[in-house]
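A.B. asks: here is my input, please return the structure:
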Amino acid sequence: MEQIRTKALLLTITLLTFLIAFFFSVIVQDKQDVLDQKITSHHQLIDNSYELAVADTEKKLTQFAFNLMSDSAILDAFSARDRNKLLILAAPYFNKANAHGDVDLAGFIQNDGHHFLRLTDPNKFGDNIAKKRPMIALALKERKPITSMDVTLYNISIVNIVPIFNKGKFLGILQTSSKIERLQNRLNLRSGIKSALAFDSKKIAALLPEKKFQTYDAFAIISSNDTLFDYLPYTYAFPKSLTHTIEDKTFVFVAKDIKTYTNKPLAKIICSIDITKDEEDYKKQIFQLSTITLILTLVSFFILNIGFTVLIRRINEDIKIKEDLNERLSHQLYVDHLTGYLNRHAILRDLQQESFYAIILLNINNFKEINDFYGHEIGDKVILSIGNTIQQEIKKYPMRLYKMPSDEYAIALLSPISGHECEGISQSILSNIQTMHYDFSGIHIHITLTMGINMFIHTSGANDFSTPLINADMALKEAKKRHKSYLVYSEDMHIKQEYQQNILWSKKVNDAINEDRLALYYQPIHEVGGNIVEYEALIRIIEPDNTVITPYYFLEAAKRSNLYHHITKFVISTAFSFVESTQKSISINFSVDDILDTATVEFFLYKLTQCAHSNQIIIELLETDGIDNYSEVSSFIKKVKEYGVRIAIDDFGTGYSNFAHILRLNVDLLKIDGSLIKHIDTDTNAQTVVRAIVHFSKQLGLKTVAEFVHTQSVYQKCIELNVDYFQGYHLSEPKPMGFLTSIPQD
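C.D. replies: As a prediction, this is how the structure comes out:
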């Protein structure tokens, strides 16, 4: 019996030892898998952060270039090859973008390849940079935008090149760049990722033989933003990733290729992130597991059942720990902490892994003003409420909501639907939100949105996974620019959308004419001391909801749809009625096209013959139109002056006309363009130009009017420069007839 007991005991111990060893190895492997998953997640974080940092840098360069190209004065200065003026106009944009860390270098390059202006070194110009830089030569040849990494003397930058056209003429290119150190700083600040640059070791040794670099196989590290790269093992080989311990800390190293615009390898950037805590957690758990296993082994002979129970419980606990950890990591990386919705990282991940059919970006209009006025607490409530409203709107559709940075949301379409249906859903969201009045602790806020929509067929694994999001963002910005509630992205969106807008505004103008919703607003023009000397008639459309629409939106559409003469006739008739009822002077804007239109001229002359106070009429000729038909214009001016009509040149100082044609046209007033006036209190160049205009006018007996007087300091400066009259929101806003209290009413 003793032998049987001993054998049974030995068999039991052997069996228990085997089982414990088996379960111990399973758990260790499981924990190793957890650690491997964490390391894989860190790899993915490095990849995503790097791509986001590159995309963010390129976006800021593109935005900077767009701001410059949107300034017509800059285009005109470059077209005229006026380097000094171009520097004056472009430098503020560059300084602001440089201060924000968006751009390091910027320069204008002529279409013959010669450097015209370096904003960072204005005194250095004239060199043929196209011969030195194949990327520049290609951009000049193809006249298309190029964005790529580039290097000069091993100083890597992200370079953005855009062609410059002015009035259909190719002038050259704008080159902007951001040093790679900016990208490295973004990685460090946003994700705690350190980085270093590595080049071909043979090329470095040939170009810089006097310098010694740390080399690894075929590469040499030339710069880094952390000393940890000094401790890389000499066995490190590109482009493999590496998990390495340095001074009791563990890091993941990943080498990313930096390629040129021709997709040729340029260099490598080694990214590193600290995973010490993950390693310590792993070791701690292994130590704890070893201790428990030893105890279980010692007591297993006596409490077999209890031992197995404890072991199974421990296994379940470890599985739960792994699941909780993965869930927390995923939640932190892919979920917005304020709203609980998936975030930008999530949509970039899903664009790589899933098939989407549309991306809709939504931006809360005037959110900054809401935040500034009501505070961040109310701002957060606005974001939460809007997100919940959007979620309610889309829950019956195959759509998923994402919270983007700041005041934006994104909607991903998961199944194919028609573009018409997608737009209908978008319009429904906009309409429902605009009809809602949100109440936040007694504060009533009306909220509107702007949308950018990109319809596409995007399958998982596509290399250009971020393009749909970028296109939707472009559509959103264009919608903001055009003051539209939404815009659908397309390759020819400028042409297509302009066409659609013309149709829309043509209909609006036609409806306004048929429904008698045209109106004149009157903006007073003051002399020194504040007395009103005359009024300018400004056309408006009054929408059914009493929204006032300025001609900026509809005048060009009216011209294209043959409705312009109806507007002109209305302005003339209403202006003459104003003069008859008030006996006050009024100015009417006339374009060259108006003067060349026989019916318009005949109607105007007829109204003059019927008016007892025709000497109170002033015609403002738009200088920016340019005047080529001097004989017709001069003849018209001669005829109307017989009735005492005065002639003014509007927007003087920025268009095609000059002092010579002022003399030829026999004008009475010069209205100095607002672009010269709006910063005249601080802009010495504008002061010089205005001083010359005033002096010229005084010599000829002409009166001058300063437009865009929007502040007291601008008003005071205009007085100091001896301007005769003043017009602008600081003094008086345009108002309809019924609100002009200073004019006696019948």
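A.B. asks: how many neighbouring residues does E369 have?
C.D. replies: E369 sits with 9 neighbouring residues when counted by other Cβ atoms under 10 Å. Glycine gets a C-beta too; all of them are placed from N, C-alpha and C.
A.B. asks: let me fix that: I258
C.D. replies: Neighbours of I258 using other Cβ under 10 Å come to 22.
A.B. asks: identify the bridge partners of it.
C.D. replies: A267 (DSSP bridges).
A.B. asks: shouldn't it be in contact with M149?
C.D. replies: Yes - using Cβ atoms under 8 Å, I258 is in contact with M149, at 5.0 Å.
A.B. asks: between these two, which contacts overlap?
C.D. replies: Common contacts of I258 and M149 (Cβ atoms under 8 Å, 6 or more residues apart in numbering): 156, 180, 266.
A.B. asks: which residue packs closest to the first one, ignoring adjacent ones?
C.D. replies: In this structure, I156 finds its nearest non-sequential neighbour in I180, 4.3 Å apart by Cβ to Cβ, 6 or more residues apart in numbering.
A.B. asks: residues in contact with stretch 604-614?
C.D. replies: Contacts of stretch 604-614 (Cβ under 8 Å, 6+ apart): 572-573, 576, 579-580, 583, 617, 639-640, 643-645.
A.B. asks: tally of neighbours for I180?
C.D. replies: For I180, the neighbour count with other Cβ under 10 Å is 24.
A.B. asks: for the stretch 151-300 of the chain, what spans make up the helices?
C.D. replies: Ranges of helices in the stretch 151-300 of the chain, per DSSP state H, counting those that start in this stretch, are 180-191, 201-207, 276-299.
A.B. asks: need the winner for burial among those.
C.D. replies: Across the helices of the stretch 151-300 of the chain, averaging neighbours per residue (mean count of other Cβ atoms under 10 Å) puts helix 180-191 on top, at a mean of 18.
A.B. asks: which elements pack onto that one?
C.D. replies: Helix 180-191 sits against helix 2-69, strand 155-166, strand 194-200, strand 265-274, with contacts defined as 3 or more Cβ pairs under 8 Å, 6 or more residues apart in numbering; DSSP states H and E.
A.B. asks: quick one: average confidence on that helix?
C.D. replies: Helix 180-191 carries an average pLDDT of 85.
A.B. asks: taking strand 194-200 as reference, get the angle to that helix.
C.D. replies: Between helix 180-191 and strand 194-200, the angle formed by their directions is 150 degrees, by axes from the mean of the first three to the mean of the last three Cα atoms, to 10 degrees.
A.B. asks: returning to what we had before: out of the helices and strands packed on helix 180-191, which is the most enclosed?
C.D. replies: strand 194-200 (a mean of 23).
A.B. asks: and it, what does it pack onto?
C.D. replies: Counting contacts by 3+ Cβ pairs under 8 Å, 6+ apart, strand 194-200 packs against helix 180-191, strand 219-224, strand 265-274.
A.B. asks: how about the ones you listed in JSON lines, adding distance to I425?
C.D. replies: Formatted as JSON lines, the helices and strands packed on strand 194-200 follow (distance: least, Cβ to Cβ, whole Å):
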{"stretch": "helix 180-191", "distance to I425": "33"}
{"stretch": "strand 219-224", "distance to I425": "49"}
{"stretch": "strand 265-274", "distance to I425": "40"}
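A.B. asks: quick one: which of those is nearest H345?
C.D. replies: Comparing those against H345 with Cβ to Cβ, the closest turns out to be helix 180-191 (10.4 Å).
A.B. asks: got the angle for that closest one vs helix 2-69?
C.D. replies: Using the same axes, to 10 degrees: helix 180-191 against helix 2-69 is 130 degrees.
A.B. asks: figure out the length between the terminal residues of stretch 698-718.
C.D. replies: Start-to-end span of stretch 698-718 (Cα to Cα, to the nearest Å) is 15 Å.
A.B. asks: that older thread, to P544, which of the helices and strands packed on strand 194-200 lies closest?
C.D. replies: When those are compared by Cβ to Cβ, helix 180-191 sits nearest P544, at 47.9 Å.
A.B. asks: contacts for the closest one?
C.D. replies: 45-46, 49-50, 53-54, 56-57, 101, 104, 149, 156-158, 193-195, 197, 225, 258, 269, 271, 273.
A.B. asks: if you set the cut-off to 7 Å instead, what comes out?
C.D. replies: 45, 49-50, 53-54, 56-57, 101, 104, 156-158, 193-195, 197, 225, 271 (Cβ atoms under 7 Å, 6 or more residues apart in numbering).
A.B. asks: ok and that helix relative to strand 155-166, angle-wise?
C.D. replies: For helix 180-191 and strand 155-166, the angle between their directions (the same axes, to 10 degrees) works out to 100 degrees.
A.B. asks: could you say which helix or strand contains A537?
C.D. replies: strand 532-542 (DSSP states H and E).
A.B. asks: note down every partner strand of the helix or strand following that strand and its orientation.
C.D. replies: Next helix or strand after strand 532-542 toward the C-terminus (DSSP H and E): strand 548-549. Paired strands of strand 548-549, with direction, are strand 532-542 (antiparallel) (DSSP bridges).
A.B. asks: CA atoms only for stretch 283-298, dumped as CSV, please.
C.D. replies: Output of stretch 283-298 as CSV, limited to C-alpha atoms (Å, rounded to 0.1, in the frame of the first residue of the first chain):
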residue,chain,number,x,y,z
LYS,A,283,8.0,41.8,-16.3
LYS,A,284,5.9,42.6,-13.2
GLN,A,285,3.1,40.3,-14.4
ILE,A,286,5.6,37.5,-15.2
PHE,A,287,7.2,37.9,-11.8
GLN,A,288,3.8,37.7,-10.1
LEU,A,289,2.9,34.7,-12.2
SER,A,290,6.1,32.9,-11.2
THR,A,291,5.5,33.5,-7.5
ILE,A,292,2.0,32.2,-7.7
THR,A,293,3.1,29.2,-9.7
LEU,A,294,5.7,28.3,-7.1
ILE,A,295,3.2,28.5,-4.3
LEU,A,296,0.7,26.4,-6.3
THR,A,297,3.3,23.8,-6.9
LEU,A,298,4.1,23.5,-3.1
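A.B. asks: I'd like the average pLDDT over it.
C.D. replies: Stretch 283-298 shows a mean pLDDT of 83.
A.B. asks: and what about the closest residue to I411 other than its chain neighbours, helix, strand or coil?
C.D. replies: Nearest residue to I411 in three dimensions, chain neighbours excluded: I360, at 4.1 Å (Cβ to Cβ, 6+ apart). Judged by DSSP: H, G, I helix; E, B strand; the rest coil, the three-state class of I360 is strand.
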